[in-house]
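what follows is a protein structure lacking sequence information:
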């Protein structure tokens, strides 16, 4: 579908609204969103845009803009294309925003009502393909707020189910995603299994750092040795730090606020891990000692000045 990259704005009054409140709707913008890159087909960007385009065609509206946010959360409106849509609406580039389903537009009731109020000030309406929304009438606005409340409730229930599911996985010591840390592979039952070759790299990193006392230096040595990250990439400061700060290597399993000691996940002994932690925070310890020494010297000076004043 050809999408215009600009639109001729409607004639605006000095206050920002349309010059004629009874002007018929001519120009439409489509908004579509997915919350993850693996969104199932029924919610895909392409499917949403297609359904909205057919709706606009049936209504006789010209689609001037299509705004799409991929892999963006609906819990707030801080989305690149959503913000661009608001800017275009403020400029009077279209009369209505069409979206496939309310929860694709906003999930937070506060954000949803606030956005609708903004669009209303600019004489821009909202329309959902799958729900009855007509924000130009009192009954439609009442319906709109009911649907908004239902969308927020659905979002909260989904989040709750996800947290419960994660907690259930954690109690069985399963890994929550398909990307286990360096040193492990995820088994068919969802748990972790130590990989000898990768575990050897982990141990090398933990032994190098107390000697070199520099993450970039450790990364450089690993790259010179031909070793690569789990993703097959070159090492850098961040990737080294990710290994050095992961307590799973001592068998300390923490997922979804659940913590347990799982010895079969252990790669390092506690002493080596503690040595690395102390090395990482050595400057903070030194800084703390220096600050305490300065405070002590200041207190001694104040006390000395007091004694001199008292003896005068």
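Received it, and whenever you're ready, just let me know what you need. Since this is a predicted model, take the numbers as computed values, not measurements.

which residues of the stretch 151-300 of the chain score low on pLDDT?
Confidence mapping of the stretch 151-300 of the chain against pLDDT under 70 gives the ranges 151, 283-295, 297-300.

now with 80, please.
151-168, 256-257, 282-300 (pLDDT under 80).

and the strands in it?
Using DSSP state E, counting those that start in this stretch, the strands found in the stretch 151-300 of the chain span residues 184-186, 192-194, 252-255, 258-261.

can you measure across stretch 248-259, start residue to end residue?
Its start and end residues considered, stretch 248-259 measures 11 Å (C-alpha to C-alpha, to the nearest Å).

so which bits of it are buried?
When neighbours are counted by 16 or more other C-beta atoms under 10 Å, the buried residues of stretch 248-259 are found to be 248, 249, 250, 251, 252, 253, 255, 256. All C-beta atoms are positioned from the backbone trio N, CA, C, and that covers glycine.

closest to residue 34 among these?
The shortest approach to residue 34 among those belongs to residue 256, at 24.1 Å (C-beta to C-beta).

show me the contacts for the closest one.
If you count contacts by C-beta atoms under 8 Å, 6 or more residues apart in numbering, residue 256 has them with 163, 166, 167, 169, 170, 176.

do residue 280 as well
Residue 280 makes contacts with 209, 244, 245, as judged by C-beta under 8 Å, 6+ apart.

reformat the strands of the stretch 151-300 of the chain as TSV; add distance to residue 146.
Formatted as TSV, the entries for the strands of the stretch 151-300 of the chain read as follows, by distance: least, C-beta to C-beta, whole Å:
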stretch	distance to residue 146
strand 184-186	43
strand 192-194	46
strand 252-255	37
strand 258-261	37
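
ok so, going back, can you lay out the contacts of residue 280 as CSV showing distance to residue 96 and neighbour count?
Listed next are the contacts of residue 280 as CSV, based on distance: C-beta to C-beta, whole Å; neighbours: other C-beta atoms under 10 Å:
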residue, distance to residue 96, neighbour count
209, 59, 22
244, 53, 20
245, 50, 11
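
tell me which element the spatially closest residue to residue 126 that is not a sequence neighbour falls in.
What sits nearest to residue 126 in space, not counting adjacent residues and going by C-beta to C-beta, 6 or more residues apart in numbering, is residue 135, at 5.0 Å. For residue 135, there is no helix or strand it lies in under DSSP states H and E.

contacts for the helix or strand hosting residue 29?
Residue 29 is located in strand 27-33, with elements delineated by DSSP H and E. Under the contact criterion C-beta under 8 Å, 6+ apart, strand 27-33 has outside partners 7, 10, 45, 48-49, 52-53, 56, 59, 61-70, 72, 74, 79, 81-82, 85, 88-89, 93-100, 104-105.

among those residues, which lie within helices?
In helices, judged by DSSP state H, the following of those are found: 45, 48-49, 52-53, 56, 59, 81-82, 85, 88-89, 104-105.

show me which of those residues are buried.
The neighbour count (16+ other C-beta under 10 Å) marks 45, 48-49, 52-53, 56, 81-82, 85, 88-89, 104-105 as buried among these.
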